[in-house]
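Next come a sequence and a model predicted from it.
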Amino acid sequence: MSGYPRFPLFVDLTGQKVVLVGGGKVALRRVRTLQQCGADVVVIAPTLHPDMPTVTHISRPYRPGDLEGATMAVAATDCRETNGQVAQEARDRGIPVSVADDPTACTFFFPALCVGEGLVAGVVGDGSDHAKTARCARQMRELLEDSI
């Protein structure tokens, strides 16, 4: 990290195509968050986590060109090489990408989403203490619930 805090940027994903490569636990969390924000999520993975909500599923490994038409990309496989390929294609296409296993390849960082009545906050850490980020997000969610 550069020593500067990350700049929060909130965007409207309603109806936007987001391609997520990977079908495991991390992908499941990302899909839930993206769908909560109205994104049209396309998941590319040979198999899906059993709790995966309804998504457009392309049942095969990632191939170059899979990000065609995407507004945003998420690389969340258990293969660093594949995640790197997704990141490179996203950069080449000029679309934001989050890479689950390599913060240096990310152009945005997936927040812990905290939603309340008419309010939304995102919590992102510097990657050094995931438990701290989770605790802060939990406290923020409680605060938002109390403000209703």
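Noted; the coordinates are in hand.

Give me the contacts around stretch 120-138.
Contacts of stretch 120-138 with the rest of the structure, by Cβ atoms under 8 Å, 6 or more residues apart in numbering, involve 1, 6, 8, 10, 103, 109-114, 140, 144. Yep, even glycine has a C-beta here, placed from its N, CA and C like the rest.

Could you list the low-pLDDT ranges of the chain?
Within the chain, the set of residues satisfying pLDDT under 70 comprises 1-2, 148.

now the helices: where do they sit in it?
Shown for the chain, the helices assigned by DSSP state H span residues 25-36, 80-93, 130-146.

Now do the domain split for this structure, please.
Per automatic domain parsing, the domain ranges recorded for the chain read 17-105, 112-146.

and residue 74, which of the helices of the chain is closest to it?
Checking these against residue 74 by Cβ to Cβ gives helix 25-36 as the closest, at 5.2 Å.

chain center to that closest one: distance?
The chain centroid and the centroid of helix 25-36 are separated by 7 Å under Cα atoms, centre = their mean, to the nearest Å.

Next: stretch 126-140.
Mean C-alpha position of stretch 126-140 versus that of the full chain (Cα atoms, centre = their mean) differs by 16 Å.

how about the strands of the protein, start to end?
According to DSSP state E, the chain carries its strands in the segments 17-21, 40-44, 56-58, 72-75, 97-99, 112-116, 119-123.

Could you export these as JSON lines, including mean neighbour count?
What follows is these, written out as JSON lines (neighbours: other Cβ atoms under 10 Å):
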{"stretch": "strand 17-21", "mean neighbour count": "26"}
{"stretch": "strand 40-44", "mean neighbour count": "22"}
{"stretch": "strand 56-58", "mean neighbour count": "14"}
{"stretch": "strand 72-75", "mean neighbour count": "27"}
{"stretch": "strand 97-99", "mean neighbour count": "25"}
{"stretch": "strand 112-116", "mean neighbour count": "18"}
{"stretch": "strand 119-123", "mean neighbour count": "16"}
